[in-house]
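Undergrad: Here is my input; please provide its structure:
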Amino acid sequence: MKFLNKQDFENIGNNANFAKECAKLYAKNNGLDYQIKRYKDLYKIHSEFSGENVLLFSSPGRIEVCGNHTDHNNGKVLCASISVDTIAMVTPVLESTITIASVGYPPLVVDINDLEPKTSEYGKSEGLVRGVCAYFKQNGYQIGGFYATTTSDVFKGAGVSSSACFEVLVCEILNVLYNNGKMDALTKAHASHLAESVYFGKPCGLMDQSAIALGGVSYIDFKDTKAPQVESIPWQFDGVDIVLVNCGGDHCGLTDQYASIRTEMEDVAKIFGQKVLRFVNKDKFLSTIPIIQSDVSGRAILRAIHYFDENERVDNCALAIKNVDITKYYEMINASGDSSYKLLQNCYPEGDRDMRIPMALALSKNICGNEGAIRVHGGGFAGTMIAYVPTALTEKLVKNLKAVFGGDNVFEISIRNSGTRQVEI
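TA: Sure, this is the predicted structure:
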């Protein structure tokens, strides 16, 4: 492996390879001058504490493309890595410790000789690091110490999975430093999933970690949750911009409303002797609605209809991306958003006065008309909206949304076709 040094960073502005890397990782977002300063500033901080020789790594955030609230019933999803990332300057050390100093936060230190889960580390980054190392050891991979300095523009509160971004970053650092890069992307996703679910104390699926590890658009079929079917699909649409809006709203007190989606879908499945809807025949379900409507709520039936239709939309949306068919893609995303709004009913909480997500959807639709596609993003209720729009409309849409939701809550992003990886310049 080739380490970079002080001279490399002094000359990074004239480095053609770095410019090519930035074009791949960041597309039109956060231009080259911004990245040159960002990398140079981080190197300066790192070199003061851990010497001059470093390796570079980049780990992206992610978005949900299609498949709203399907994964918890063994459904299908499309997700994608995006053009905001956490970057790390890394130097290996002889000690059996991993130290990660994130800009703006106190450094964390983990003794990798102790890989037992600790309840005191639930919700903390130390737990994520320890969990990743535990997976490596349990599965025959090597681990070792390193000092990393990181900075991130993966924005908080917009559902782009900063925790998964961090987990997969730690995986790739260990993969390159101590395993000759032999761990594949999906294995890194599994390692990160263990870290988050067991060591961080947050039950989760494999969607976020897979999107970040694989890059591009990831098609994931969770029919077998222990061995999901995963396919990476390159994003090839030109002239399409993506706008993500942190609509605001308070998540406090919404746990029951999030949980009710899964519970009500499973209530329908139980009528047919199944735990989840994936193993219920759609036609049988539809034909027996007159009978089962006395056993479950109308909302549960509507949410089940959403589930079955959304699985089909994921397949059609994946095909549209493969065929570079933007018309079909817009059609599927709009249909997904419409179904989430009307059937899944996760665009505003019960008793909500402010209705931030519906407001974002309505404003975007008024600006875009029949062009592009908009939908709720992720869990919903109080969260984010995503819009795919022709480039000619982007400036107007962003300006109007910033006026309502604030300049710090509207983000232009791009899909990037590479997952977490070493940046070699």
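Undergrad: what ranges of the stretch 1-150 of the chain fall below the confidence cut-off?
TA: Within the stretch 1-150 of the chain, the stretches with pLDDT under 70 are 28-30.
Undergrad: got the domain boundaries for the protein?
TA: The chain resolves into domains spanning 6-234+416-422, 240-413 when parsed by automatic domain parsing.
Undergrad: Turn these into JSON lines, including mean neighbour count.
TA: The way it works is simple: take the backbone N, C-alpha and C, and place the C-beta from them, glycine included. Shown next, in JSON lines, are these (neighbours: other CB atoms under 10 Å):
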{"stretch": "domain 6-234+416-422", "mean neighbour count": "20"}
{"stretch": "domain 240-413", "mean neighbour count": "18"}
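Undergrad: any idea how far G337 is from A362?
TA: G337 sits 12 Å away from A362, going by CB to CB, to the nearest Å.
Undergrad: same question, F136
TA: F136 is 48 Å from A362, by CB to CB.
Undergrad: so where's the stretch 201-350 of the chain uncertain?
TA: Applying pLDDT under 70 to the stretch 201-350 of the chain flags the ranges 249-253.
Undergrad: Now Y122: phi and psi?
TA: Main-chain torsions, Y122, degrees, to the nearest 10: phi -60, psi 130.
Undergrad: so who does it touch?
TA: Shown in contact with Y122 (CB atoms under 8 Å, 6 or more residues apart in numbering): 200-202.
Undergrad: In terms of distance to I321, which of those residues ranks first?
TA: Distance to I321 across the contacts of Y122 (CB to CB) is lowest for K202, with 29.5 Å.
Undergrad: Just confirm that closest one is within a strand.
TA: No. K202: not assigned to a strand; according to DSSP: H, G, I helix; E, B strand; the rest coil it is coil.
Undergrad: quick thing: my sequence starts at 25, can you match it?
TA: Fine by me, first position is 25 from now on; the one you just mentioned is K226.
Undergrad: my guess is it contacts K148, does it?
TA: No. Taking contacts as CB atoms under 8 Å, K226 lies outside contact range of K148: 11.0 Å.
Undergrad: for the stretch 125-274 of the chain, what spans make up the strands?
TA: Shown for the stretch 125-274 of the chain, the strands assigned by DSSP state E, counting those that start in this stretch span residues 132-135, 169-176, 241-245, 253-257, 264-270.
Undergrad: Which strands or helices does the helix of greatest length in the chain pack on?
TA: Longest helix in the chain, counting residues (DSSP state H): helix 322-346. Applying 3 or more CB pairs under 8 Å, 6 or more residues apart in numbering; DSSP states H and E, one finds that helix 322-346 contacts strand 79-90, strand 100-117, strand 241-245, strand 253-257, helix 279-295, helix 306-311, helix 350-363.
Undergrad: re the thing from before, tell me which of the strands of the stretch 125-274 of the chain lies nearest to L79.
TA: Among the strands of the stretch 125-274 of the chain, strand 169-176 sits nearest to L79 (CB to CB), with 9.1 Å.
Undergrad: Which secondary structure elements does the closest one sit against?
TA: Counting contacts by 3+ CB pairs under 8 Å, 6+ apart, strand 169-176 packs against helix 56-74, strand 100-117, strand 121-126, helix 186-202.
Undergrad: Off-centre distance for stretch 28-44?
TA: 29 Å (CA atoms, centre = their mean, to the nearest Å).
Undergrad: Tell me the span between the first and last residue of it.
TA: Start-to-end span of stretch 28-44 (CA to CA, to the nearest Å) is 17 Å.
Undergrad: With stretch 118-135 instead?
TA: This stretch, stretch 118-135, spans 12 Å end to end (CA to CA).
Undergrad: quick one: it to chain centroid distance?
TA: Remark: stretch 118-135 is offset 24 Å from the chain centroid, using CA atoms, centre = their mean.
Undergrad: Kind regards, and thank you for your time.
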